[in-house]
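Student: Build the 3D model from these lines:
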Amino acid sequence: MLEDCDFDFKIAIVGLGLIGASYAMALKKLNAKHIIGIDKNSETLNKALHMGIIDSAYDEPGKYLKDVDFVIIALYPNDTINFIKANIQNFKTNVIITDTSGVKEMVMNSVDSFLPQSMQFIGGHPMAGREYKGIEYADEDIFKGANYIITPSKRNKKSSIDFVANMAMKFGCKNVEYISPHEHDSMIAYTSQLPHAIATALMNQNIDKKYFELFIGGSFKDATRVAFINSKLWTELFTMNSDKLIDEIEKFKKSLDRIKDDIENNNTVDLEQFFKNSSTLRKKIN
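Tutor: Model (predicted):
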């Protein structure tokens with residue numbers, strides 16, 4: 001039934017923050033038959049009902065999950081693991097479960113260690129988001145033009161993986177990529193976690209704040225944009241991917257040391273080449 005991706009079945013979304021509520025909006029736009037919203041915050045649930053993005057609301061899981069074919073979990077990584085573990089007896093046989101968490105290896109290894117063979121967990125990570133959190137910042141178009149990463153395991157059925165991929169494409173994602181959980185976490189340590197570490201380090205640097213605001217330009221604003229951070233979530237993301245992030249921090253320190261040495265030694269040739277290489281690589285992103 002799920003293979004057709006027509007959403008003519010019950011869907012549960014766990015966590016109606018920015019991402020979870022955006023899933024609900026996007027699915028409603030695709031005429032999903034019935035969306036169940038699950039969130040501990042009753043105010044958030046009432047907002048979702050008022051907005052018309054969910055059809056029923058629950059502040060805790062229960063046996064009603066036996067009627068749900070597809071579950072999207074938009075929680076922090078540890079909460080994702082705990083929710084699945086706590087609801088093993090509530091899930092429907094052959095249910096497809098996917099997540100949105102920013103680390104994959106630890107989450108998937110943990111879930112696969114206790115999830116029955118009759119249930120499918122497909123690791124997912126939409127490369128979409130904002131600096132702000134909460135249902136009020138949700139947007140049905142947040143996925144448009146974004147990449148969607150799927151980290152399948154050996155136990156996943158092709159039809160289940162294809163279902164999640166088809167959903168992402170219907171949301172307007174420009175690309176769906178399949179990589180291992182290990183590869184995902186290695187890349188995310190460099191492209192996401194390291195920039196957040198740098199931004200927060202810049203904001204926490206001990207400098208004289210007397211004329212601080214007078215000297216803030218576009219470069220500082222761009223470099224520290226992601227320092228407006230969800231501290232609980234990012235503490236969890238950093239510590240759950242610690243080995244890979246520490247490795248990237250060490251590499252970054254070596255790059256900074258190279259710049260420092262070139263400045264100290266007045267090595268303008270190497271410094272200029274370093275800058276040129278940086279510009280060339282940045283143009284490729286554009």
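Student: care to break the chain down by domain?
Tutor: 2-178, 184-285 (automatic domain parsing).
Student: Same list, these, but as JSON lines with mean neighbour count and mean pLDDT please.
Tutor: Every C-beta, even on glycine, is put in place using the N, C-alpha and C of the backbone. As requested, the domains of the chain are arranged in JSON lines below (neighbours: other C-beta atoms under 10 Å; pLDDT from 0 to 100):
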{"stretch": "domain 2-178", "mean neighbour count": "18", "mean pLDDT": "94"}
{"stretch": "domain 184-285", "mean neighbour count": "13", "mean pLDDT": "94"}
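Student: can you give me the helices in the stretch 151-286 of the chain?
Tutor: 158-171, 181-188, 194-203, 218-223, 231-240, 242-264, 268-285 (DSSP state H, counting those that start in this stretch).
Student: Residues contacting the third one, please?
Tutor: With contact meaning C-beta atoms under 8 Å, 6 or more residues apart in numbering, helix 194-203 is reached by 220, 223-227, 229, 234, 238, 245, 248-249, 252.
Student: and the longest strand anywhere in the chain, how far out from the chain's middle?
Tutor: Counting residues, the longest strand found in the chain (DSSP state E) is strand 120-126. Distance of strand 120-126 from its chain centroid, counting by C-alpha atoms, centre = their mean, to the nearest Å, is 11 Å.
Student: Report the angle between that strand and helix 181-188.
Tutor: Angle, strand 120-126 to helix 181-188, by axes from the mean of the first three to the mean of the last three C-alpha atoms, to 10 degrees: 10 degrees.
Student: can you list the residues that contact strand 120-126?
Tutor: By C-beta under 8 Å, 6+ apart, strand 120-126 touches 19, 84, 94-102, 104, 107-108, 111-112, 115, 143, 146, 148-153, 155-157, 160-161, 164, 168, 173, 181, 184, 188.
Student: Cross those residues against strands and list the overlap.
Tutor: Going by DSSP E, the strands hold 96-99, 148-151 from the contacts of strand 120-126.
Student: In JSON lines, list those along with distance to I11.
Tutor: Shown next, in JSON lines, are those (distance: C-beta to C-beta, whole Å):
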{"residue": "I96", "distance to I11": "10"}
{"residue": "I97", "distance to I11": "11"}
{"residue": "T98", "distance to I11": "11"}
{"residue": "D99", "distance to I11": "14"}
{"residue": "Y148", "distance to I11": "17"}
{"residue": "I149", "distance to I11": "21"}
{"residue": "I150", "distance to I11": "18"}
{"residue": "T151", "distance to I11": "21"}
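Student: Quick check: of the residues you listed, which lies closest to D261?
Tutor: Nearest to D261, judged by C-beta to C-beta, of the ones in strands among the contacts of strand 120-126 is I149 at 36.7 Å.
Student: Would you mind giving the orientation angle of the longest strand of the chain with respect to helix 158-171?
Tutor: Using the same axes, to 10 degrees: strand 120-126 against helix 158-171 is 30 degrees.
Student: Could you tell me the angle between strand 120-126 and strand 147-151?
Tutor: Using the same axes, to 10 degrees: strand 120-126 against strand 147-151 is 150 degrees.
Student: gap between stretch 203-217 and the chain center?
Tutor: Per C-alpha atoms, centre = their mean, the centroid offset for stretch 203-217 relative to its chain is 31 Å.
Student: With just CA atoms, put that stretch into CSV.
Tutor: Output of stretch 203-217 as CSV, limited to C-alpha atoms (Å, rounded to 0.1, in the frame of the first residue of the first chain):
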residue,chain,number,x,y,z
MET,A,203,30.7,34.8,19.7
ASN,A,204,32.3,33.6,22.9
GLN,A,205,35.7,35.0,22.2
ASN,A,206,36.9,37.3,25.0
ILE,A,207,37.3,40.7,23.4
ASP,A,208,36.6,44.3,24.4
LYS,A,209,32.9,44.9,23.6
LYS,A,210,33.2,48.7,23.9
TYR,A,211,33.1,49.3,20.1
PHE,A,212,31.9,45.9,19.2
GLU,A,213,28.7,46.8,17.3
LEU,A,214,30.5,49.6,15.4
PHE,A,215,32.8,47.1,13.7
ILE,A,216,30.3,44.3,12.8
GLY,A,217,30.0,44.0,9.1
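Student: who does the longest strand of the chain pair up with?
Tutor: Strand 120-126 has the following strand partners under DSSP bridges: strand 96-99 (parallel), strand 147-151 (antiparallel).
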